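Q: kindly return the folded structure for what I paste below:
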Amino acid sequence: MADELLSKKTPSTASRYLFVLIFGLVLGIIATVMGMRAWQQRQDPFPGALMTIMAKQSAALRQTQEQSRCTPADVVQPLQTLRALTNDIDAAFPQFKDDAQFQKQAAELRSTLNAALLAPPADCQALAELNQAIGQTCKGCHQVFKP
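A: Here you go, the predicted structure:
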């Protein structure tokens, strides 16, 4: 009888521990996703969306230059869109509405775009200069204000 008790092995608890570990990981992942979604819903998507659209329009101007389609007809639409979007910069970044440097950068971008719309670039060299001016203005602002 003693041999019989010794020969019977107690069941391993490793499978239970593995189940609890996997269950805990799944529960942790679910809680993390729920927390991230709640945090994301509290974020304002407008500033990022505005910058994304402005970047796309700037890229369209650069692409137009790269494709040697540098006529005013090819350039005016992205310039108009960019200029219209600059009207929303203050609304997108209300925390900087009283910052003189931010306002200066935004005004400089608007001024550059206004001048370009009044006299659209007629050739690729002028468009290259305009693209560089727009890029420098954007870069100057992002160096100071982009986290």
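Q: mind listing the helices for the chain?
A: Applying DSSP state H to the chain gives helices spanning 2-7, 14-41, 46-66, 72-86, 89-92, 100-118, 124-145.
Q: now these as TSV including mean neighbour count and mean pLDDT?
A: Where you see a C-beta, it was placed from the backbone N, CA and C, and this is true even at glycine. Formatted as TSV, these follow (neighbours: other C-beta atoms under 10 Å; pLDDT from 0 to 100):
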stretch	mean neighbour count	mean pLDDT
helix 2-7	7	54
helix 14-41	10	90
helix 46-66	15	93
helix 72-86	17	93
helix 89-92	16	92
helix 100-118	16	93
helix 124-145	16	91
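Q: okay, now the domains of the protein?
A: Here the domain parsing of the chain from the TED database is 12-43, 45-143.
Q: for the longest one, measure first residue to last.
A: The first and final residues of domain 45-143 sit 21 Å from each other (C-alpha to C-alpha, to the nearest Å).
Q: who's in contact with the nearest residue to Leu50 once chain neighbours are set aside?
A: The shortest distance from Leu50 to any non-neighbouring residue, by C-beta to C-beta, 6 or more residues apart in numbering, is to Ala92 (4.6 Å). By C-beta atoms under 8 Å, 6 or more residues apart in numbering, the contact set of Ala92 is Phe46, Pro47, Leu50, Met51.
Q: the third one contacts Thr86, correct?
A: Looking back up the chat, that one is Leu50. No. Contact criterion C-beta atoms under 8 Å: Leu50 and Thr86 do not qualify, at 9.4 Å.
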